[in-house]
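Undergrad: dropping a prediction and its sequence here:
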Amino acid sequence: IIAIMSNNNFMKKIKLVHSVLLIMFVLCFISCNDKTSQIDLVYPDGNVKALIMSYDDGLVEDNKLIKLFNENHIIGTFNLNSEFLSTQKHWPQENGPDIISTYVSKDSVLLIYKNHEIAAHSATHQDFKNLSDNEILKEVTTDIANLNNLTNSKIVSMAYPFGNSNQHIAELLSNTGLTNARTVSDTYNFNLPDTFLLWHPTCHDSKALDLVDDYIHLNNNKLSLCYVWGHSWEFNDPKRWTSIYEFCQKIGNQKDIWYVGCGDYIDYQIALKNLIITNGTIVNPKDNKEVCYKEGGVTKVIKPGQT
């Protein structure tokens with residue numbers, strides 16, 4: 001009887017071990033075949049953080065700022081009022097003397113903004129909310145045409161003059177060839193844009209230093225973006241220059257941040273959206289651009305037409 005009981009216990013143990021092994025095999029099979037959960041879309045070089053620096057008007061003070069950017073491997077998007085280039089303008093102020101703005105010369109645009117993005121800011125910096133639809137389109141298309149001729153390149157980005165826009169104005173721009181346009185409605189977060197033609201940035205550069213440590217130490221696998229905007233003429237104030245200098249010193253030359261202009265950033269976002277991901281398989285359409293993703297923690301590149 002004891003022998004029979006021992007044999008029964010032994011068989012029960014065998015069945016239990018068998019069941020456990022079967023469950024482990026099933027879980028392993030599911031895990032090995034569920035590749036979708038292991039795929040993370042990333043920026044170039046496997047980064048998940050990106051920095052955009054966007055500066056308006058096209059004044060001679062851009063030279064000093066660009067030198068700072070270059071020293072820290074930061075890419076800027078510079079939004080120019082093309083009809084004011086090679087001129088000097090007086091801007092009346094309610095409280096204080098006029099601001100005298102000296103714009104960069106037309107023949108120096110390519111040299112000054114080499115390795116950075118040149119973008120539109122309207123031809124003559126008028127408030128779009130005070131213009132008719134036709135006047136808005138004229139301001140934008142004239143600026144784009146002027147800058148296209150100066151740079152021999154396609155202009156796809158813009159910053160709204162005075163930052164003023166709305167959904168209707170954004171829809172007007174959808175047929176101008178622009179892929180993105182920036183407001184001045186700061187979000188104070190690092191989320192990706194909800195809409196490209198009504199793009200709300202992270203913050204004005206006067207607040208950037210307050211957020212820089214948070215972004216540098218941000219540590220997750222989610223795509224994020226720090227988008228800073230401003231005017232280089234504001235750095236004529238020594239305190240403001242010290243602030244932007246410290247910000248660039250901190251956030252520049254980071255191995256895990258993608259430094260990019262607005263146009264290239266949007267191109268990449270569109271490319272990510274064009275990917276076809278099904279059952280753990282990624283298909284990159286032939287007419288798309290090269291993109292990166294991570295699978296099992298390893299950064300991989302998928303070229304157009306590849307699976």
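TA: Cool, got the structure.
Undergrad: and the lengthiest strand in the chain, what does it pack onto?
TA: Identified as the longest strand of the chain according to DSSP state E is strand 49-57. For strand 49-57, the packing partners by 3 or more C-beta pairs under 8 Å, 6 or more residues apart in numbering; DSSP states H and E come out as helix 62-71, strand 76-80, strand 226-230, strand 257-259, helix 262-274. C-betas here are computed from N, CA, C, even on glycine.
Undergrad: tell me which of these is the most buried.
TA: Highest mean neighbour count of the helices and strands packed on strand 49-57: strand 76-80, a mean of 28 (counted as mean count of other C-beta atoms under 10 Å).
Undergrad: any idea of the mean pLDDT for that strand?
TA: What strand 76-80 shows for mean pLDDT is 98.
Undergrad: chain center to that strand: distance?
TA: 14 Å (C-alpha atoms, centre = their mean, to the nearest Å).
Undergrad: buried ones in the next helix-or-strand element following that strand?
TA: Sequence order places strand 88-91 as the next helix or strand after strand 76-80, per DSSP states H and E. Buried positions in strand 88-91, judged by neighbour count with 16 or more other C-beta atoms under 10 Å: Lys89.
Undergrad: tell me the helix or strand right after strand 88-91.
TA: strand 99-102.
Undergrad: list the strands paired with that next one, with their directions.
TA: Its sheet considered, strand 99-102 pairs with strand 88-91 (antiparallel) by DSSP bridges.
Undergrad: show residues contacting the partner strand.
TA: For strand 88-91, the surrounding residues in contact (C-beta atoms under 8 Å, 6 or more residues apart in numbering) are Asp98, Ile99, Ile100, Ser101, Thr102, Tyr103.
Undergrad: are any of those buried, and if so which?
TA: Looks like the contacts of strand 88-91 have Ser101, Tyr103 buried, using 16+ other C-beta under 10 Å.
Undergrad: going by distance to Ile118, which of the contacts of strand 88-91 wins?
TA: Tyr103 (13.5 Å; C-beta to C-beta).
Undergrad: check contacts around the closest one.
TA: Applying C-beta under 8 Å, 6+ apart, the residues near Tyr103 are Asp57, Gly58, Leu59, Val60, Asn81, Phe84, Leu85, Ser86, Thr87, Gln88, Lys89.
Undergrad: report how many residues lie close to Asn149.
TA: 10 (other C-beta atoms under 10 Å).
Undergrad: gap between it and Phe78?
TA: 17 Å (C-beta to C-beta, to the nearest Å).
Undergrad: rewinding a little: with distance to Asp107 added, can I get the contacts of Tyr103 in a markdown table?
TA: Converted to a markdown table, the contacts of Tyr103 look like this (distance: C-beta to C-beta, whole Å):
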| residue | distance to Asp107 |
| --- | --- |
| Asp57 | 18 |
| Gly58 | 13 |
| Leu59 | 16 |
| Val60 | 14 |
| Asn81 | 17 |
| Phe84 | 15 |
| Leu85 | 9 |
| Ser86 | 8 |
| Thr87 | 13 |
| Gln88 | 16 |
| Lys89 | 19 |
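Undergrad: do you know the pLDDT at the nearest residue to Asn274 once chain neighbours are set aside?
TA: The shortest distance from Asn274 to any non-neighbouring residue, by C-beta to C-beta, 6 or more residues apart in numbering, is to Asn288 (4.7 Å). Per-residue pLDDT puts Asn288 at 96.
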